[in-house]
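Chemist: coords below, sequence missing:
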């Protein structure tokens, strides 16, 4: 597979994935901070300490994940432009953890908003869960595209010792 998503050069596609990821991370961070600010409004029962603590935990973990994802997206763009697998591998590892985190957090969010007293309607919770599931499925596909790019770099010999030595020998006069 030489094209990303079947339409653009793999390197360009991976850099686009990194750019879109950076924008998505910034938007997610803003949303996390807004939810944190409106926590008292969302949770109607201020005596439900378990619900408030769970909501706080979900938001803080979301902020941490978004910061790591933002950093990894910068590394992906750099790694794709320089065609090095080290930075791309960091992105793959962090974003695999992000994919798993989103599936786990979906359970927490459903439990939090459905079982604790919040202003959010049940159908809105299900709509949000469906949105998260679709976004995560799309994200898995993007992760796969970056994985293919990483394997192509390995096959081209850009990270193996043999490939590095060939490049050094080729530049010698």
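Modeler: On my side now, so go ahead. Quick caveat, the model's predicted, so the values are computed rather than measured.

Chemist: Quick check: residue 72 touching residue 96?
Modeler: No - under the criterion of Cβ atoms under 8 Å, residue 72 is not in contact with residue 96, lying 10.5 Å apart. C-beta here means a position set from N, CA and C on the backbone, and glycine is covered the same way.

Chemist: Look at those two and report which has more neighbours.
Modeler: Set side by side, residue 72 and residue 96 show more neighbours around residue 72, with 25 against 13, by other Cβ atoms under 10 Å.

Chemist: how close does that one get to residue 129?
Modeler: 25 Å (Cβ to Cβ, to the nearest Å).

Chemist: Next: residue 56.
Modeler: 20 Å.

Chemist: Comparing these two, which residue is more hemmed in?
Modeler: residue 129 (16 against 13).

Chemist: Could I get the pLDDT score of that one?
Modeler: Here the pLDDT value assigned to residue 129 is 83.

Chemist: got the contact list for it?
Modeler: 106, 109, 110 (Cβ atoms under 8 Å, 6 or more residues apart in numbering).

Chemist: so who does residue 149 touch?
Modeler: Contact analysis of residue 149 by Cβ under 8 Å, 6+ apart lists 4, 10, 11, 13, 14, 80, 88.

Chemist: Of the residues you listed, which belong to strands?
Modeler: residue 4 (DSSP state E).

Chemist: Take the contacts of residue 149 and keep only those in helices.
Modeler: Of these, the ones assigned to helices by DSSP state H are 10, 11, 13, 14, 80, 88.
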